[in-house]
Structure formats: structure tokens, C-alpha cells
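Visitor: Have a look at this prediction, sequence included:
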Amino acid sequence: MRNKTRRLTVRSRNGALHIVPIWQALTQYTEQVCRVAVRVGDAGRGGESLTIDIADIDDSQLQDIATRLSQSPWLLTTTVEQPPRTHSHVIAHR
């Protein structure tokens, strides 16, 4: 489905997250990337994670990328989901 933002999260053990292969897998979608977050030593889950929000990508395309990445021996998990909605607040000054 298009016109939606999807989130790809990849997790690995501490010291094992390989950023370059992840970006290579997303090469044709780099202009659609709207948010990136990296967590190192994630206290809640252990390990490292890279979360990338991508706009206007088909679910099946992103799922295919996640499936290919999940075959990498250094990854623990890959997930595809819809990111939570965020509300923007407008503050007016007089």
C-alpha cells in the first residue's frame, strides 16, 4: 500500500550491527527515508538496533527487504510495522 510510512527495525547483538548492508538494501528508497534512529546498548532489549521510517513504500517491497536482511547471520531480528502516529503542536506567539 502506498502513501503510508512504514518502519523497518533491525536488531543485532552488541557490536554486530552492520549499517552498510542495510543502507545498500534500501538504495532505491533513500529519498523516501524520513526518520532514522540508532540505539546502541539498548538497556531494555540488549544489543543494538537501527530503525528507519520510509514513506510511500509498498508493504510487500519493504517486507522483501526485511526478509533478505534477516538472512544475515549478524542480525537477531527484523521487523516491519507502521510507526506510531505523532502529533505536531503549533505554538502561536503574540
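Guide: Alright, I've got the coordinates.

Visitor: alpha carbons only for contacts and neighbour counts from here, please
Guide: Will do.

Visitor: low-confidence ranges in the protein?
Guide: Under the criterion of pLDDT under 70, the regions of the chain flagged as low confidence span 1-3, 42-45, 86-94.

Visitor: which SS state does residue 76 fall under?
Guide: For residue 76, the secondary structure call by DSSP: H, G, I helix; E, B strand; the rest coil comes out as strand.

Visitor: residues contacting it?
Guide: Contacts here follow Cα atoms under 8 Å, 6 or more residues apart in numbering; on that basis residue 76 touches 10-13, 70.

Visitor: 6 Å instead, please
Guide: Taking Cα atoms under 6 Å, 6 or more residues apart in numbering as the criterion, residue 76 is in contact with 11-12.

Visitor: Equivalent analysis for residue 41, please.
Guide: Each residue near residue 41 by Cα under 6 Å, 6+ apart is listed here: 47-48.

Visitor: Try it again at 10 Å.
Guide: Applying Cα atoms under 10 Å, 6 or more residues apart in numbering, we find residue 41 in contact with 13-15, 47-49.

Visitor: which residues sit against the lengthiest helix in the chain?
Guide: In the chain, with assignment by DSSP state H, the single longest helix is helix 59-70. Contact partners of helix 59-70, identified using Cα under 10 Å, 6+ apart, comprise 1-2, 4-11, 21-22, 25-26, 29, 54, 58, 75-82.

Visitor: Buried ones among those?
Guide: With neighbours counted by 16 or more other Cα atoms under 10 Å, the contacts of helix 59-70 contain buried members at 5-11, 22, 25-26, 54, 58, 75-76, 78, 80.

Visitor: Which of these fall in strands?
Guide: 5-11, 54, 75-76, 78, 80 (DSSP state E).

Visitor: Rebuild these as TSV, extending it with distance to residue 38.
Guide: Putting these into TSV (distance: Cα to Cα, whole Å) gives the following:
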residue	distance to residue 38
5	18
6	16
7	13
8	12
9	10
10	10
11	10
54	15
75	15
76	15
78	14
80	16
